[in-house]
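**Q** What shape does this take:
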Amino acid sequence: MEHFEKMLVLSTGHMPNTSPRFGDYRIIKFEHGYVVWVSENWRAAEDWFKRIMAHAYANDCTMILFDSAEAPDEELFPVYEW
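**A** The predicted structure is shown next:
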């Protein structure tokens with residue numbers, strides 16, 4: 001049986017700046033953004049990140065990808081200009 005992981009893919013435009021605080025969540029920084037592992041402890045997220053983490057958790061995502069190649073979705077989450 002195959003096992004697939006769900007990933008929430010967002011633009012880096014949904015981050016408040018180029019080096020946001022993710023708190024104690026497990027992350028990997030790469031050239032074009034970040035990968036953040038979703039946690040059931042989403043209530044402890046930084047204010048800007050709480051809604052994103054809660055959305056990913058509620059939708060059974062394992063990871064969140066912030067990628068500069070993705071277009072921001074202004075209807076889903078706030079978009080920051082930096």
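**Q** I'd like to know which elements the strand or helix carrying Ala54 is packed against.
**A** In the assignment (DSSP states H and E), Ala54 maps to helix 47-58. On a contact count with 3 or more C-beta pairs under 8 Å, 6 or more residues apart in numbering; DSSP states H and E, helix 47-58 meets strand 7-11, strand 63-67. The C-beta positions use only the backbone N, C-alpha and C, and glycine is treated the same way.
**Q** what comes into contact with the last one?
**A** I take that to be strand 63-67. Contact with strand 63-67 is made by 5, 7-12, 14-15, 32-38, 52-53, 56, as judged by C-beta atoms under 8 Å, 6 or more residues apart in numbering.
**Q** Direction included, what does that strand pair up with?
**A** With DSSP bridges as the test, strand 63-67 is paired with strand 7-11 (parallel), strand 33-37 (antiparallel).
**Q** now for those, which one comes closest to Leu76?
**A** strand 7-11 (7.9 Å; C-beta to C-beta).
**Q** buried stuff in the closest one?
**A** 8, 10-11 (16 or more other C-beta atoms under 10 Å).
**Q** Out of the helices and strands packed on helix 47-58, which is closest to Glu75?
**A** Nearest to Glu75 among the helices and strands packed on helix 47-58 is strand 7-11 (12.4 Å), distances taken as C-beta to C-beta.
**Q** That closest one versus helix 47-58: what angle between them?
**A** 150 degrees (axes from the mean of the first three to the mean of the last three C-alpha atoms, to 10 degrees).
**Q** Report the buried residues of the helix or strand just after strand 7-11.
**A** Later in the chain than strand 7-11, the nearest helix or strand by DSSP H and E is strand 27-30. Under the neighbour-count criterion of 16+ other C-beta under 10 Å, strand 27-30 has nothing buried.
**Q** Which other helices and strands does strand 27-30 contact?
**A** The helices and strands touching strand 27-30, judged by 3+ C-beta pairs under 8 Å, 6+ apart, are strand 33-37.
**Q** who touches the strand it packs on?
**A** By C-beta under 8 Å, 6+ apart, strand 33-37 touches 12, 15, 22, 25-28, 53, 62-68.
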